[in-house]
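Undergrad: Structure for the following, please:
(one chain, ligands or ions: 2)
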Amino acid sequence: MIRIAIQTKGRLNEDSLSLLREAGISIEDSKRKLLTKSDDFPVEVLYLRDDDIPQAVSMGVADAGIVGLNEVEEKNFPVDLVHRLGFGKCRISLAVPKNVDYTGLEYFNGKRIATSYPVILSRFFAEKNIDAEIHEIAGSVEIAPSVGMADAIFDIVSSGGTLVTNGLKEVEKVLFSEAVLIANPNLSPEKRQLLEQICFRFKAIESSRGLKYVLMNLPEEKISEVTSILPGMKSPTVLPLAQKGWCSIHVVIAEKELWNKIEQLKAIGAEDILVLALEKLVR
Ligand code: PRT
Ligand code: ZN
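TA: Ligands and ions are numbered 1, 2, ... in the order given. Prediction:
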């Protein structure tokens, strides 16, 4: 049995649960329970505030956890960073009032900066030799400059809308964050094996994102040209058709290049092109 901590509620809760579900680990989404067991995999989920997940994993209260990289870096507990999960993407940035004529990092020397991420910020300033006053505040960091509490802020930015609403502009992007899978560094061999199994499933889900399964009919003499249009493929699947001289080709194409590739395939004689969603790609 392996215990994974996820956020009780908030921005990462839903995506964490659906990733586990997609990986065949169904969890009852009970907001009232602290601990829930999966019926189909030896996993129990521990619901915590995101701030507490790095420590819980480091202490072994949970074996693994899904949490923002920003929290892992800020709390600085010894944990293994097992895998980046690709959701909850954001950055932690320095922002100043929009009318400031910002010319570079030296601007922050002697300035007061409000943040909920003092550890990450002081590490960054130490590296860059900037001497600023860091004021830790728990919430509503973005209003600090307008009420005269600070000259600048260091906070999470996603769309940038919150900064604009508060008359601020982003001037330095310090840390790019996303949800990550972390683990206790001293897992038992049994737990480590379960973690690897889960991670293998996560990777399969990830590598199928944005991929399409494409079937088409093609004159047999054109098969070699398919590999030059799709150079990443080892060899396309080729099935014979009842009609002589024709075959059916099956390939996987990334969604972003789908139309471009389809046009090239049509140009060499592909017909009846069928595009299907690809659920999982296990390598
Ligand atoms: O209750 P608990 O302590 O568990 O949750 P929380 O309130 O501390 O965190 P929560 O749920 O807000 O965020 C959880 C994690 O989501 C964060 O630690 C980040 O890793 C990630 N994440 C991704 C974000 C955002 N995007 C985000 N936009 N966390 C916060 N924001 C906030 C930001 O603080 C700012 O106020 O959204 C606002 C900015 O958004 P934009 O789009 O206006 O720039
Ligand atoms: Zn939190």
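
Undergrad: nearest residue to the residue of the stretch 151-283 of the chain found nearest ligand 2 other than its sequence neighbours?
TA: Closest residue of the stretch 151-283 of the chain to ligand 2, CB to the ion: residue 156 (10.5 Å). Bear in mind the C-beta positions are built from the backbone N, C-alpha and C, glycine included. Nearest residue to residue 156 in three dimensions, chain neighbours excluded: residue 90, at 5.0 Å (CB to CB, 6 or more residues apart in numbering).

Undergrad: what residues are up against residue 163?
TA: The contact partners of residue 163, taken as CB atoms under 8 Å, 6 or more residues apart in numbering, are 95, 142, 157, 169-170.

Undergrad: how about stretch 62-79: buried residues?
TA: Residues 62-75, 77, 79 are the ones in stretch 62-79 that count as buried (16 or more other CB atoms under 10 Å).

Undergrad: out of the residues you listed, which are inside helices?
TA: The helices, defined by DSSP state H, take in 69-75 from those.

Undergrad: Can you narrow the residues you listed down to the ones near ligand 1?
TA: 70-71 (CB under 6 Å from any ligand atom).

Undergrad: which two from the ones in helices among the buried residues of stretch 62-79 end up farthest apart in space?
TA: Pairwise distances across these (CB to CB) peak at 11.0 Å, for the pair 69 and 75.

Undergrad: Flag every residue of the stretch 1-150 of the chain that's near ligand 1.
TA: Taking CB under 6 Å from any ligand atom as the test, the list of the stretch 1-150 of the chain residues beside ligand 1 reads 7, 10-12, 49-51, 68, 70-71, 88, 90.

Undergrad: Alongside ligand 2, which residues does the protein contribute?
TA: Taking CB under 5 Å from the ion as the criterion, the chain approaches ligand 2 at residues 50-51.

Undergrad: any idea how far the residue sitting furthest away from the middle of the chain lies from residue 83?
TA: In terms of distance from the mean C-alpha position of the chain, residue 244 ranks first, at 47.8 Å (CA atoms, centre = their mean). Computed as CB to CB, to the nearest Å, the residue 244 to residue 83 distance reads 49 Å.

Undergrad: what do you get for residue 70?
TA: Residue 70 sits 16 Å away from residue 83, taking CB to CB as the criterion.

Undergrad: Then residue 198?
TA: Residue 198 is 9 Å from residue 83, where distance means CB to CB.

Undergrad: Common neighbours of these two, please.
TA: Residues touching both residue 198 and residue 83 by CB under 8 Å, 6+ apart: residue 181.

Undergrad: Can you list the residue ranges for strands in the stretch 101-250 of the chain?
TA: When secondary structure is read from DSSP state E, counting those that start in this stretch, the stretch 101-250 of the chain shows strands at 112-115, 133-136, 152-157, 168-177, 179-183, 211-219, 237-240, 246-254.

Undergrad: what's the second one packed up against?
TA: Looking back up the chat, that one is strand 133-136. Other helices and strands packing on strand 133-136, by 3 or more CB pairs under 8 Å, 6 or more residues apart in numbering; DSSP states H and E, are strand 112-115, helix 118-128.

Undergrad: Would you tell me which one of those is buried the most?
TA: Mean neighbour counts were taken over these using mean count of other CB atoms under 10 Å, and the top value, a mean of 23, falls to strand 112-115.

Undergrad: So which elements touch the lengthiest helix in the chain?
TA: Ranked by residue count under DSSP H, the longest helix found in the chain is helix 189-208. Using 3+ CB pairs under 8 Å, 6+ apart as the contact criterion, the neighbours of helix 189-208 among helices and strands are strand 2-7, helix 13-22, strand 80-84, strand 179-183.
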